[in-house]
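Asks: next comes the sequence, and after it the predicted model I'd like to discuss.
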Amino acid sequence: MDMTYYDHGTAAERWERARMFFEAKDFAAAARVLGGLVEEVPEQVGPRLLLARSYYHSAQLRRAEAELRVLVERDPVEHYARLMLGRTLERQGRHEEAESHLRIASALAGDFERQ
């Protein structure tokens with residue numbers, strides 16, 4: 001498919017297209033749309049988080065990790081980004097590193113059992 005398809009339209013149209021791909025479980029296509037969108041609006045959490053989730057679900061774990069680290073660095077109390085980062089690190093076999101992020105995510109969510 002031509003890359004212009006993924007980049008075509010307004011930011012809002014591309015956001016909707018990316019969400020449709022994601023909901024259809026075409027995570028690689030969602031990531032292609034979201035990559036350009038995140039470059040265009042790097043400060044927005046929603047597109048970057050969905051990009052990270054798309055990378056995660058399409059087993060592009062290093063890319064997912066990079067996007068999640070940006071989110072956590074910008075907003076240390078972003079609980080879902082912390083949770084996703086922990087799970088991404090677990091999938092890479094980096095359990096010790098994952099544990100601290102999962103513990104923080106649990107605390108931020110009010111789930112203190114993990115501590």
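Replies: Sure thing, it's come through. Numbers count the residues shown, from 1 in each chain.
Asks: after the one helix or strand R53 maps to, which helix or strand is next?
Replies: Using DSSP states H and E, R53 maps to helix 45-57. Using DSSP H and E, the helix or strand that follows helix 45-57 in sequence is helix 61-74.
Asks: quick check: buried residues in that following helix?
Replies: L61, R63, A64, E65, E67, L68, V70, L71, V72 (16 or more other CB atoms under 10 Å). Where C-beta positions appear, they are placed from N, C-alpha and C, glycine not excepted.
Asks: give me the residues contacting that helix.
Replies: If you take CB atoms under 8 Å, 6 or more residues apart in numbering as the criterion, helix 61-74 is touched by 31, 38, 45, 48-49, 51-53, 55-56, 78, 81-82, 84-85, 88-89, 91-92, 101.
Asks: at 6 Å instead, please
Replies: With contact meaning CB atoms under 6 Å, 6 or more residues apart in numbering, helix 61-74 is reached by 48, 51-52, 55-56, 78, 81-82, 84-85, 88, 91-92.
Asks: in JSON lines, list those residues along with distance to H8.
Replies: Output for the contacts of helix 61-74, formatted as JSON lines (distance: CB to CB, whole Å):
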{"residue": "R48", "distance to H8": "21"}
{"residue": "L51", "distance to H8": "18"}
{"residue": "A52", "distance to H8": "23"}
{"residue": "Y55", "distance to H8": "22"}
{"residue": "Y56", "distance to H8": "25"}
{"residue": "E78", "distance to H8": "30"}
{"residue": "A81", "distance to H8": "28"}
{"residue": "R82", "distance to H8": "34"}
{"residue": "M84", "distance to H8": "28"}
{"residue": "L85", "distance to H8": "31"}
{"residue": "T88", "distance to H8": "30"}
{"residue": "R91", "distance to H8": "32"}
{"residue": "Q92", "distance to H8": "34"}
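Asks: nothing else from me, thank you.
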